[in-house]
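Just need the structure, nothing else, for what follows:
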Amino acid sequence: MTDITRDQLKEILVYSPKRGVFTWVNPPPQHAGLIGDEAGSAAPGDKPYWNIQIGGRKYKRSRLAFLFMTGLYPKDCIDHINGDSLDDRWVNLREATITQNAWNHKGRKKQSDTPMGVRRLPNGKYVSRIGVHKALITLGTFSELSDAVNAYQEARRIYYGEFA
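Numbering: from 1, shown residues only. Coordinates of the predicted model:
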């Protein structure tokens with residue numbers, strides 16, 4: 001099965017870059033009543049994405065938006081700048097490598113109550129660490145949680161740049 005082309009996409013859907021949604025202009029014949037309706041739905045999961053089914057194949061709306069606006073499929077993935085995987089406004093989307101996309105995570109489910117990148121040691125101090133290109137870099141040990149958090153945030157800016 002081949003990917004949909006930009007021309008094929010524009011024949012059946014129209015994209016609103018400001019709203020981040022697609023609407024049907026030429027839906028499948030069995031769904032003719034969808035003309036003018038928003039296309040697709042949110043897929044369930046820990047991190048939901050908006051999917052649109054075209055010709056029996058499901059596409060992530062963010063990837064279709066990239067195709068619609070640039071004429072190309074993203075090489076790896078689309079990063080949602082604000083971390084909201086359902087916000088497909090054009091200003092919120094950028095092409096990224098898988099690694100860059102992972103850098104943009106705002107937080108993860110943890111079993112501890114310390115912020116991302118910080119761990120409490122048995123002696124009551126805090127250690128900050130950051131992963132960069134499969135290497136774990138220790139940023140230091142700190143008496144204060146705020147100092148450990150600040151070290152981690154500064155390292156994110158240095159190592160991750162615009163994806164921090």
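
what's across from residue 53 in the sheet?
According to DSSP bridges, the partner residues bridging residue 53 are residue 58.

Please pick out the residue of the chain most distant from its centre.
residue 123 (37.1 Å; C-alpha atoms, centre = their mean).

Return the distance of the lowest-mean-pLDDT helix or strand in the chain from the chain's centre.
Using mean pLDDT, DSSP states H and E, helix 98-103 stands out as the lowest-scoring helix or strand of the chain, at a mean of 78. Here helix 98-103 is found 9 Å from its chain centre; the criterion is C-alpha atoms, centre = their mean, to the nearest Å.

hmm, who's touching that helix?
Helix 98-103 is contacted from outside by 76, 77, 78, 79, 133, 156, 159, 160, 163, 164, using C-beta atoms under 8 Å, 6 or more residues apart in numbering. The way it works is simple: take the backbone N, C-alpha and C, and place the C-beta from them, glycine included.

So for the third one, what's the pLDDT?
You'll see residue 78 listed with a pLDDT of 94.

helix or strand for it, which one?
For residue 78, the element it lies in under DSSP states H and E is strand 77-80.

Any regions of the protein where pLDDT drops low?
1-2, 105-112, 164 (pLDDT under 70).

Check which residues of stretch 143-160 are buried.
For stretch 143-160, the buried set under the neighbour-count rule, 16 or more other C-beta atoms under 10 Å, comprises 147, 148, 149, 151, 152, 153, 155, 156, 160.
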